[in-house]
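K.L.:
no FASTA, just this:
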């Protein structure tokens, strides 16, 4: 597999100012709404501490809670399956469907099934799959993966969706109106929901004490997928387990506020046992999670509850779009998760960050995201996965920054150099910073010069006098 | 070794040293809280509406509010409607319902949510495939926050339980929530004490 070049992909996204501005504005609106929602909950920081502690407790006793969840679910009449990897997961789903001669599956949004490439697996075997989440369905119809884990199509403008629906459904291209377009989707998808013989959901949480799978949606599509057909399949990543309902309360209070700024989603749904005359299957999926649990620096990424607050606040994500990461999980959380799947393919991702720490500050479960990003850079260095040019640049920077004399020469020569050098000498392909922005004008005087001047002026004065 | 045992063994080998499980406070407000007002405001944020007392003539209320409704499915003794949940024994047929009427045993002031389960719905799909939903709620059964809500036995006992906090909506186009989505188009909660059962 080739290395994903996020910077190059981002450059293509940046060439189109409409989409860049649209995404940046939308993400920042979500970030602002998140801040407002958090400020209305007096115990917000306490909830974050609790959420982090609950997750760390559960992950450090994960085998115990997995066994508890399994036995409670089985006692509820649910069949529990275990899948080591994506292929095993997909094979289990396919077997369940083909044994019952199901040719149409309705699905609510699930990042785990994206991770497993479940939809193409089933479609190539003759099973039609209909995504019921509006954003996910838009991406399905446009043959694109999700660009955001909460709003899969948020990189698209309303006009993009109007164009897509006009092409697929024959709706009015001139009506770039979200209400109209949501109506078009409802009209075209509801018949499929009513016909389907099987439904599939992911899980936001799985409660060990009750054996229940919990989903959080605005549209109620997990409820439709999980209730309309008689066969319900829930795919659950191992890390989604939490101990009890009282712990679920903490996460429900944090999740939607962190994601969109609303206090809760319209539907918070708890599937504990099969529906009347139905059957329910839960597939517990590892796919690298148990190995990640043993990575001393990186196991805490398993605390993630998929709110995407880190993505919404990230200056790199906001201006490069989710598709540029070439990955199931994108943005800061994607940067620290994807290398655990394929260290070579995602070796460049840890450099798609300014390390400003904003991601860690908004994370509702207090994952040390920016520190893990730095940790992954170290791993890439150790594994020789850093490109020659980047490595050489860092060696030079390292030398300059560690030597005060060299640093002062470099700092004081920046201003005259930028003034004197012709534009082609500054903005060439070696200067990645300058590809999409102007170099900031350096100060006329370095800090060192300023400090030396003022320090000597004030010499002899006592502080505070 | 089975896949299950192999996964569990790998988890056991790799899980970090045990961390403590924290106690969860109830986070009750120190001042007295007007639960009805807070519930109403929170539900409004997600486009749900509250009617603060039982209508004198519920039939007239429904005809005014849903003038085009023909199929009214009632799961409550307070109103008969013209369909019962059991009329939709094939659950996918509930799309024929214009208005579903159901009673919730619990409201949550913090989020404007109501609890519903297979006990209240009887046929779960009447809650999503219907065009509109009307939910009766005894205001005495409103609790302050989500922590209180999860004490309710439905979450331990019912095959399916749901905290519903507004009509189905989607913010997937442009980030602003719009209706319709795939579920109910409107959600109305009527504060209707259980004792005041004026059977129509």
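P.N.:
The structure has been received and is ready for your questions. The structure displayed is predicted, hence computed values, not measured ones.

K.L.:
Spell out the secondary structure type for residue A:442.
P.N.:
State at residue A:442, reduced to three classes by DSSP: H, G, I helix; E, B strand; the rest coil: coil.

K.L.:
Please tell me how far it sits from residue B:38.
P.N.:
Taking CB to CB, to the nearest Å as the criterion, residue A:442 is separated from residue B:38 by 54 Å. Placement of C-beta: from N, CA and C, glycine included.

K.L.:
which of those two has more neighbours?
P.N.:
For residue A:442 against residue B:38, the residue with the higher neighbour count under other CB atoms under 10 Å in any protein chain shown is residue B:38, and the figures read 19 against 16.

K.L.:
Quick check, pLDDT for the more buried one.
P.N.:
If you check residue B:38, the pLDDT there is 97.

K.L.:
Make sure it is actually in contact with residue B:113.
P.N.:
No: taking contact to mean CB atoms under 8 Å, the distance of 11.8 Å between residue B:38 and residue B:113 leaves them out of contact.

K.L.:
remind me which residues of the stretch 51-200 of chain A are low pLDDT?
P.N.:
Nowhere does the stretch 51-200 of chain A drop to pLDDT under 70.

K.L.:
which bits of it sit near chain B?
P.N.:
Within the stretch 51-200 of chain A, the positions adjacent to chain B are A:53-54, A:56-57, A:59-63, A:66-67, A:76, A:82-84, A:88, A:132-135, A:138, A:151-154, A:156-158, A:161, A:178-179, A:181-183, A:186, A:189-190, A:193-195 by CB under 8 Å from any CB of the partner chain.

K.L.:
one more time with 6 Å, if that's ok
P.N.:
A:53, A:56-57, A:60-63, A:82, A:84, A:132, A:134-135, A:151, A:153, A:158, A:161, A:178-179, A:181-183, A:186, A:194 (CB under 6 Å from any CB of the partner chain).

K.L.:
Can you get me a residue count around residue B:70?
P.N.:
Residue B:70: 10 surrounding residues under other CB under 10 Å.

K.L.:
again with residue A:31
P.N.:
18.

K.L.:
where's it relative to residue B:177, distance?
P.N.:
With distances defined as CB to CB, the gap from residue A:31 to residue B:177 amounts to 17 Å.

K.L.:
sec struct for the residue nearest to residue B:104 when sequence neighbours are not counted, please.
P.N.:
With sequence-adjacent residues excluded and distances taken as CB to CB, 6 or more residues apart in numbering or on different chains, residue B:104 is closest to residue B:114, at 3.8 Å. When the structure is reduced to helix, strand and coil (three-state DSSP), residue B:114 reads as strand.

K.L.:
Can you give the domain ranges for chain A?
P.N.:
Residue ranges for the structural domains of chain A, counted by automatic domain parsing, are given in the record as A:41-287, A:388-457.

K.L.:
how would you label residue A:135: helix, strand or coil?
P.N.:
Under three-state DSSP, the three-state class of residue A:135 is helix.

K.L.:
got a list of what it touches?
P.N.:
Applying CB atoms under 6 Å, 6 or more residues apart in numbering or on different chains, we find residue A:135 in contact with A:151, A:152, A:153, B:172.

K.L.:
With residue A:318 instead?
P.N.:
With contact taken as CB under 6 Å, 6+ apart, residue A:318 is in contact with A:24, A:27.

K.L.:
let's see 8 Å
P.N.:
Each residue near residue A:318 by CB atoms under 8 Å, 6 or more residues apart in numbering or on different chains is listed here: A:23, A:24, A:27, A:28, A:312.

K.L.:
Quick check: ChimeraX command selecting the buried ones in those.
P.N.:
Restricted to the buried members of these, where burial is judged by 16 or more other CB atoms under 10 Å in any protein chain shown, the ChimeraX selection command reads as follows:
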select /A:23,24,27,312
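
K.L.:
just the helices in chain B please.
P.N.:
Under the criterion DSSP state H, chain B carries helices at the ranges B:3-14, B:35-45, B:58-65, B:118-121, B:146-149, B:154-157.

K.L.:
Would you tell me which one of those helices is buried the most?
P.N.:
Of the helices of chain B, the one with the most neighbours on average (mean count of other CB atoms under 10 Å in any protein chain shown) is helix B:146-149, at a mean of 22.

K.L.:
and the gap between the residue nearest to residue B:104 and chain A?
P.N.:
Applying CB to the nearest CB, to the nearest Å, one obtains 11 Å for the distance of residue B:114 from chain A.

K.L.:
do residue B:42 as well
P.N.:
From residue B:42 to chain A the distance is 6 Å (CB to the nearest CB).

K.L.:
so what pLDDT did that residue get?
P.N.:
Per-residue pLDDT puts residue B:42 at 98.

K.L.:
isn't it right next to residue A:40, touching?
P.N.:
No: no contact is recorded between residue B:42 and residue A:40 when judged using CB under 8 Å, the distance being 10.7 Å.

K.L.:
Tell me the gap between the helix or strand that contains residue A:68 and the middle of its chain.
P.N.:
Residue A:68 belongs to helix A:62-75 when elements are defined using DSSP states H and E. Per CA atoms, centre = their mean, to the nearest Å, the displacement of helix A:62-75 from the mean C-alpha position of its chain is 27 Å.

K.L.:
cool, and stretch B:140-154?
P.N.:
What separates the centre of stretch B:140-154 from the centre of its chain is 12 Å, taken as CA atoms, centre = their mean.

K.L.:
ok, residue A:86 - how many residues close by?
P.N.:
Around residue A:86 there are 20 other residues, counting by other CB under 10 Å.

K.L.:
Tell me which of the domains of chain A is the most buried.
P.N.:
domain A:41-287 (a mean of 21).

K.L.:
got a markdown table for the helices of chain B, with distance to residue B:127 too?
P.N.:
Formatted as a markdown table, these follow (distance: least, CB to CB, whole Å):
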| stretch | distance to residue B:127 |
| --- | --- |
| helix B:3-14 | 35 |
| helix B:35-45 | 16 |
| helix B:58-65 | 17 |
| helix B:118-121 | 5 |
| helix B:146-149 | 18 |
| helix B:154-157 | 14 |
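
K.L.:
For residue A:85, list the residues it contacts.
P.N.:
When contacts are taken as CB under 8 Å, 6+ apart, residue A:85 is in contact with A:286, A:287, A:288.

K.L.:
Go ahead and confirm the first one touches residue A:83.
P.N.:
Yes: shown here, residue A:286 and residue A:83 form a contact pair, counting by CB under 8 Å, at 6.8 Å.

K.L.:
for chain A, longest helix please?
P.N.:
When every helix of chain A is counted residue by residue (DSSP H), the longest turns out to be helix A:17-39.

K.L.:
For that one, buried residues please.
P.N.:
Along helix A:17-39, these residues count as buried under the neighbour rule (16+ other CB under 10 Å): A:19-20, A:22-24, A:26-27, A:30-31, A:33-34, A:37-38.

K.L.:
after that helix comes which helix or strand?
P.N.:
Per DSSP H and E, helix A:17-39 leads on to helix A:44-60 as the next helix or strand towards the C-terminus.

K.L.:
Residue B:75 is nearest to which of the helices of chain B?
P.N.:
Among those, helix B:118-121 comes nearest to residue B:75, with 6.4 Å by CB to CB.

K.L.:
could you give me the average pLDDT of that closest one?
P.N.:
Taken as a whole, helix B:118-121 has a mean pLDDT of 98.

K.L.:
got the contact list for it?
P.N.:
A:275-276, B:75, B:85, B:102-105, B:124, B:127, B:154, B:158-161.

K.L.:
which of those residues has the most neighbours?
P.N.:
Going through the contacts of helix B:118-121 with other CB under 10 Å as the criterion, the one with the most neighbours is residue B:127, at 30 neighbours.
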